[in-house]
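**Student:** here are the coordinates; sequence isn't available:
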């Protein structure tokens, strides 16, 4: 723990509240000069950064990106968003929706294209109209990263 001296010159006591020792804090409070001699009062994060956090949130940034931009911790960003009444601050990204969807697929959905020839089933699965476009793009990006040759072949197949 760091020890800081009182802000008042020649005072060797520990600065406790807003940089002042107990004695100088009480004296300044009674005299009405606290704002002139003490450190500024800390403002809650919601008050200090709330408008900027909400603006960045509405622009589509994730909590980690907002925290980095504002210079505060991610739990603080979440607390500010909660305090401002924004539902579910752990916003679902297309990638997380894709993971969630993959765990919820049932056997009937997986067999949906079995009646088609293989080439046609692959092309239709690559451009599945039943998927959210953002989730579909996230899935295609993951396939491109993991299996670029497969992605390129499917895209060529899709253009034929």
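**Tutor:** That came through, no problem. In this text, all values refer to a predicted model and were calculated from it rather than measured experimentally. Numbering: from 1, shown residues only.
**Student:** what's near enough to touch residue 39?
**Tutor:** 7, 18-19 (C-beta atoms under 8 Å, 6 or more residues apart in numbering). To be clear about C-beta, it is placed using only N, CA and C from the backbone, and glycine gets the same treatment.
**Student:** what about 6 Å?
**Tutor:** 18-19 (C-beta atoms under 6 Å, 6 or more residues apart in numbering).
**Student:** buried ones in stretch 75-84?
**Tutor:** 76-81 (16 or more other C-beta atoms under 10 Å).
**Student:** restricted to strands, list the residues you listed.
**Tutor:** Using DSSP state E, the subset of the buried residues of stretch 75-84 located in strands is empty.
**Student:** closest one of those to residue 47?
**Tutor:** Residue 47 lies nearest to residue 80 out of those, by C-beta to C-beta, at 9.3 Å.
**Student:** residue 52 is in contact with the closest one, correct?
**Tutor:** No - using C-beta atoms under 6 Å, residue 80 makes no contact with residue 52, being 9.7 Å away.
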